[in-house]
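In: here are the coordinates; sequence isn't available:
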């Protein structure tokens, strides 16, 4: 997965927006006002995703290309290598979508109403 594929997929998700709240190197995607993924756009070696704590553990135990969230709360975030062939781009998209939905569920009722995910 390259950075443009990653970016286009993230922006295709309902209510998604992009920005650089941590500086010009770190691209962040939010649903509503909450982050669901982030990456370093210069090298795009990996990206961070939010997950349920039990999913975080399972993903790290099952895949060598998924690590504790870099610069994030290790209980709730993982870092996924972007080009490692151990997992497919389709699976990466599924992980991004799961992160988006998890964060969406934490939004207020008013925020959810504005976005309306099926």
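Out: That came through fine. This is a predicted model, so every value here is computed, not measured. Residues are numbered from 1 along each chain as shown.

In: what ranges do the strands span in the chain?
Out: With DSSP state E, the ranges of strands along the chain come out as 16-19, 26-31, 34-40, 46-50, 66-68, 77-81.

In: Could you export those as TSV, including mean neighbour count, distance to residue 96 and mean pLDDT?
Out: C-beta here means a position set from N, CA and C on the backbone, and glycine is covered the same way. Shown next, in TSV, are the strands of the chain (neighbours: other Cβ atoms under 10 Å; distance: least, Cβ to Cβ, whole Å; pLDDT from 0 to 100):
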stretch	mean neighbour count	distance to residue 96	mean pLDDT
strand 16-19	14	10	97
strand 26-31	21	8	96
strand 34-40	21	6	96
strand 46-50	24	6	96
strand 66-68	18	13	95
strand 77-81	22	9	96
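
In: among these, which is nearest residue 10?
Out: Proximity to residue 10 (Cβ to Cβ) singles out strand 26-31 among these, at 4.3 Å.

In: Show me what the closest one is packed against.
Out: Strand 26-31 sits against helix 3-12, strand 16-19, strand 34-40, helix 89-105, with contacts defined as 3 or more Cβ pairs under 8 Å, 6 or more residues apart in numbering; DSSP states H and E.

In: so how far is the helix or strand of the chain with the lowest mean pLDDT from its chain's centroid?
Out: Every helix and strand of the chain was ranked by mean pLDDT, DSSP states H and E. The lowest is helix 109-115, at a mean of 90. Relative to its parent chain, helix 109-115 has a centroid offset of 20 Å by Cα atoms, centre = their mean, to the nearest Å.
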